[in-house]
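Asker: sequence and predicted structure are below.
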Amino acid sequence: MDIDPDDIFRDDDDPENEFYQERDATKEMLVYLVDASPKMFSTTCLSKNEKDVSHFEVALSTILPSLKTQIINRSYDEVAICFFNTREKKNLQDLNGVYVFNVPEREDLDRPTARLIKEFDCVQESFSKQIGSKYGILPGTRDNSLYNALWAAQALLRKGSAKTADKRILLFTNEDDPFGNIKGVTKMDMMRTTIQRAKDAQDLGISIELLPLSRPDDDFNVSTFYADLLGLEGNDLAEVKALAAERFEDMKDQLRKRMFRKRKVRRINFIIANGISIELNTYAVVRPTNPGAITWLDSVTNLPIKAERSFFCSDTGALLQEPPKLFQIYKNENIMFTADELSEIKRVSTGHLHLLGFKPLSCLKDYHNLRPSTFVVPSDEEVVGSTCVFIALHRSMLRLKRFAVAFYGSSTHPQLVALVAQDEIICTRGQVEPPGMHMIYLPYSDDIRHIEELHTDTTPLAPRATEDQIMSAYSLIKRIDLKKFSVCQFANPALQRHYAVLQALALDEDEMPDVKDETLPDEEGFARPGVVKALEELKLCVYGENFEQENDAAGSGKTSEASKKRKAISDNATKEYAKHEWSDLADNGQLKELTVSELKYYLTVHNLPVTGKKEALISRILTHMGK
């Protein structure tokens, strides 16, 4: 028995609670299908480190981080890794040229585990000995390794329903014409049967995506075979062609993006007018990332513990078989409620989106956006014609510069929302911004506080900045302004370190992964002559030339005591500083063995900032030494 199956005691004051708890329960089942033909090993491309790497290495280096990410972000997703064009065979159908990679105590299609990641990280070293590479489509033989691979992948994805899980096959290959060595009727027959096998998988709700790897001397030609295999045309075909033409590093980024599909949060009905309603899919945009929830495990079996609770009568101690009832005292009587009745009372609306009208975009202010918005796009899965109606509404709102006001009757936090249309933005590398609408949650009247007066007493004159001070501050801000700023540029260092520690423990890594704190001040940037000059001009303009001397002269006994304390700290730091050979410690990597207090002695002597964690202090010392 779940503790609160109907969310009766959910906190209604938390608007974010509804968004996270009511998302669809769909998961993803994914099969990585990697070509292991000799051409994948012989073809090399230049990496960022000026090192030649094979396409097989590119595929493995793209899959490995995705497995690590899935454990953290999507632990309920299931994956399988399948190589084709192999010498050895290992699959349920006993098909030639197909090897399903797995580890003990795990199903072929299952959640990723730490052991799977550890052994997959070393698969390249033992691949030639244990699995081997071999062309699986050759003249004079009826073996068709690509057909077998699609069949094996389809069999791996047989469990589960397409309505409750997204099923995908990601195909890595650098061979655009797998049947190039075969001629005549045999080639046509093998191509036809392979295309039919892919179509059968797609009819079962399995999507097949191609991740092409171009050779240095020849681009991957999608139109040769794979356009027919996957049914690519129009924008989909152009997108795959653009991906095939990418450089090595850009290609890895694109592959990484293709690995993770955007999944809808939930499906809602948009009621427009006169009984017309369409279906919308909602997607989360930028959301804060939090550490995963704690899972209690049994100390013996190491399996998750399911929480249950029972109710006992306080008088007799008997176990209550029926669910307890709730009551409200009214006129000295106990009015009884069942859990279902209370849940129905709290349910204000059915969760639909009702259109109320339109307003000019100028009426929507920045401070109206109190929480992260939700992106909505149409869906024709259940309501046919939703896309057509949505496009007409979308185009009219863009043309007239209007936004729609609607009532979003969620079960826990009903409120007014603003639907703001977003036009599509495309560049040479593909789509930058998709077309759709942002659903912005509008505040209630008591959510907006009026600006309080800074100075309630109007008798004395409030200090005002002079024109020179304003211009000096403007010059400084302009110097340190971040170009093309985006919140996605900065990762949460505490969260990154949290997951780095978990990864090191799970994979038995000897060294902790290096986590770069991008939120620390840019010391090199602040040391630029232009910034230093602008900062000094602002200090001079605001405080005057003799600020430090005046401050010391005007100080009382507290100031002198503080000065003595600072001098004592400085003298002690100078004394302790002389006990260490700092250059040797830095060359031998022994700075990490010192305590934080010992590291601060070096920083204090050289007038460097002493704030930050141990890693930041060491980095600051090495930067000052020029190492």
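Answerer: That came through, no problem.
Asker: how about the strands in the stretch 201-350 of the chain?
Answerer: 206-212, 266-273, 276-284, 326-330, 333-337 (DSSP state E, counting those that start in this stretch).
Asker: give me whichever of those strands is most buried.
Answerer: strand 206-212 (a mean of 20; mean count of other CB atoms under 10 Å). Heads up, the C-betas are built off the backbone N, CA and C, glycines and all.
Asker: circling back to that earlier point, dump the strands of the stretch 201-350 of the chain into a markdown table; add mean pLDDT and distance to residue 190 as well.
Answerer: Rendered in a markdown table, the data for the strands of the stretch 201-350 of the chain read as follows (pLDDT from 0 to 100; distance: least, CB to CB, whole Å):
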| stretch | mean pLDDT | distance to residue 190 |
| --- | --- | --- |
| strand 206-212 | 87 | 18 |
| strand 266-273 | 88 | 41 |
| strand 276-284 | 90 | 39 |
| strand 326-330 | 85 | 68 |
| strand 333-337 | 87 | 68 |
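Asker: now distance to residue 436 too, for the ones you listed, in JSON lines please.
Answerer: Shown next, in JSON lines, are these (distance: least, CB to CB, whole Å):
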{"stretch": "strand 206-212", "distance to residue 436": "21"}
{"stretch": "strand 266-273", "distance to residue 436": "12"}
{"stretch": "strand 276-284", "distance to residue 436": "8"}
{"stretch": "strand 326-330", "distance to residue 436": "42"}
{"stretch": "strand 333-337", "distance to residue 436": "42"}
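Asker: need the pLDDT of residue 46.
Answerer: Residue 46 carries a pLDDT value of 55.
Asker: repeat for residue 15
Answerer: For residue 15, pLDDT reads 40.
Asker: again with residue 464
Answerer: On the pLDDT scale, residue 464 gets 79.
Asker: what about the helices in the stretch 501-627 of the chain?
Answerer: Per DSSP state H, counting those that start in this stretch, the stretch 501-627 of the chain carries helices over the ranges 523-526, 529-543, 547-554, 557-577, 582-587, 596-605, 614-625.
Asker: before we move on, the earlier item: of the strands of the stretch 201-350 of the chain, which is nearest residue 492?
Answerer: strand 276-284 (16.9 Å; CB to CB).
Asker: neighbouring strands of the closest one in the sheet, and parallel or not?
Answerer: strand 266-273 (antiparallel), strand 374-378 (antiparallel) (DSSP bridges).
Asker: how about residues contacting the longest one?
Answerer: With CB atoms under 8 Å, 6 or more residues apart in numbering as the test, strand 266-273 has contacts from 22-24, 277-282, 351-355, 376, 379, 381-383, 389, 393, 406.
Asker: try stretch 478-489
Answerer: Residues contacting stretch 478-489 (CB under 8 Å, 6+ apart): 286, 518, 525-526, 528, 530-531, 534.
Asker: among those residues, find me the one that's closest to residue 122.
Answerer: The closest of those, once distances to residue 122 are taken by CB to CB, is residue 518, at 31.0 Å.
Asker: tally of neighbours for the spatially closest residue to that closest one that is not a sequence neighbour?
Answerer: Nearest residue to residue 518, sequence neighbours excluded (CB to CB, 6 or more residues apart in numbering): residue 490, at 4.9 Å. Per other CB atoms under 10 Å, the neighbour tally for residue 490 reads 11.
Asker: i'd like the first residue to be 543 from this point on
Answerer: All set: I'll call the first residue 543, so the last point we hit is now residue 1032.
Asker: and the gap between residue 1032 and residue 614?
Answerer: 19 Å (CB to CB, to the nearest Å).
Asker: what about the nearest residue to residue 956 once chain neighbours are set aside, neighbour count?
Answerer: Sequence neighbours aside, residue 890 is the residue nearest to residue 956 in space, at 4.8 Å (criterion: CB to CB, 6+ apart). The tally of other residues near residue 890 (other CB under 10 Å) stands at 13.
Asker: returning to what we had before: give me the buried subset of the contacts of stretch 1020-1031.
Answerer: Buried subset of the contacts of stretch 1020-1031 (neighbour count, 16 or more other CB atoms under 10 Å): residue 1076.
Asker: residues near residue 1160, how many?
Answerer: 20.
Asker: which residue packs closest to it, ignoring adjacent ones?
Answerer: Per CB to CB, 6+ apart, closest to residue 1160 is residue 1133, 4.9 Å.
Asker: so the one you found sits against residue 1141, correct?
Answerer: Yes: between residue 1133 and residue 1141 a contact is recorded at 7.0 Å, counting by CB atoms under 8 Å.
Asker: now for those two: what residues contact both?
Answerer: Between them, residue 1133 and residue 1141 share the contacting residues 1160, 1163, judged by CB under 8 Å, 6+ apart.
Asker: from memory residue 898 sits against residue 948, does it?
Answerer: Yes: using CB under 8 Å, residue 898 is in contact with residue 948, at 5.7 Å.
Asker: intersection of neighbour lists for these two?
Answerer: Contacts common to residue 898 and residue 948, judged by CB under 8 Å, 6+ apart, are residue 958.
Asker: between those two, who's got more neighbours?
Answerer: residue 948 (21 against 11).
Asker: just to revisit the earlier point, and the pLDDT at the residue nearest to residue 956?
Answerer: Reported pLDDT for residue 890: 70.
Asker: tell me how far it lies from residue 950.
Answerer: From residue 890 to residue 950 the distance is 11 Å (CB to CB).
Asker: what's the overlap in contacts for these two?
Answerer: By CB under 8 Å, 6+ apart, the residues touching both residue 890 and residue 950 are residue 956.
Asker: how about the helices in the stretch 843-992 of the chain?
Answerer: Per DSSP H, counting those that start in this stretch, the stretch 843-992 of the chain carries helices over the ranges 881-888, 928-942.
Asker: now do the longest one, average pLDDT.
Answerer: The reference is to helix 928-942. 93.
Asker: returning to what we had before: of the helices of the stretch 843-992 of the chain, flag the one that's most buried.
Answerer: helix 928-942 comes out most buried of the helices of the stretch 843-992 of the chain by mean count of other CB under 10 Å, with a mean of 15.
Asker: ok, residue 928 touching residue 820?
Answerer: Yes: shown here, residue 928 and residue 820 form a contact pair, counting by CB under 8 Å, at 3.7 Å.
Asker: find residues that contact each of those two.
Answerer: residue 920.
Asker: which regions of the stretch 543-692 of the chain sit below the pLDDT cut-off?
Answerer: 543-568, 585-593 (pLDDT under 70).
Asker: quick one, helices of it?
Answerer: Under DSSP H, counting those that start in this stretch, the stretch 543-692 of the chain gives helices at 557-563, 580-584, 597-615, 656-663, 665-672, 687-698.
Asker: specify the beta-bridge partners of the nearest residue to residue 887 once chain neighbours are set aside.
Answerer: Of all residues not flanking residue 887 in the chain, residue 879 sits nearest, at 7.8 Å (CB to CB, 6+ apart). Here residue 879 sits in beta bridges with residue 868, as judged by DSSP bridges.
Asker: what's the separation between residue 879 and residue 913?
Answerer: Residue 879 is 31 Å from residue 913, by CB to CB.
Asker: next: residue 1152.
Answerer: Taken as CB to CB, the span from residue 1152 to residue 913 is 38 Å.
Asker: looking at the helices of the stretch 543-692 of the chain, which is buried most?
Answerer: Buried most deeply of the helices of the stretch 543-692 of the chain, by mean count of other CB under 10 Å, is helix 687-698, with a mean of 25.
Asker: which secondary structure elements does that helix sit against?
Answerer: strand 569-577, strand 620-626, strand 640-643, helix 726-745, strand 748-754 (3 or more CB pairs under 8 Å, 6 or more residues apart in numbering; DSSP states H and E).
Asker: what pairs with the helix or strand that that helix is followed by, parallel or antiparallel?
Answerer: As assigned by DSSP states H and E, the chain's next helix or strand after helix 687-698 is strand 707-715. Neighbouring strands of strand 707-715 in its sheet, by DSSP bridges, are strand 569-577 (parallel), strand 748-754 (parallel).
Asker: as CSV, those strands with distance to residue 1052 would be great.
Answerer: What follows is the strands paired with strand 707-715, written out as CSV (distance: least, CB to CB, whole Å):
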stretch, distance to residue 1052
strand 569-577, 28
strand 748-754, 32
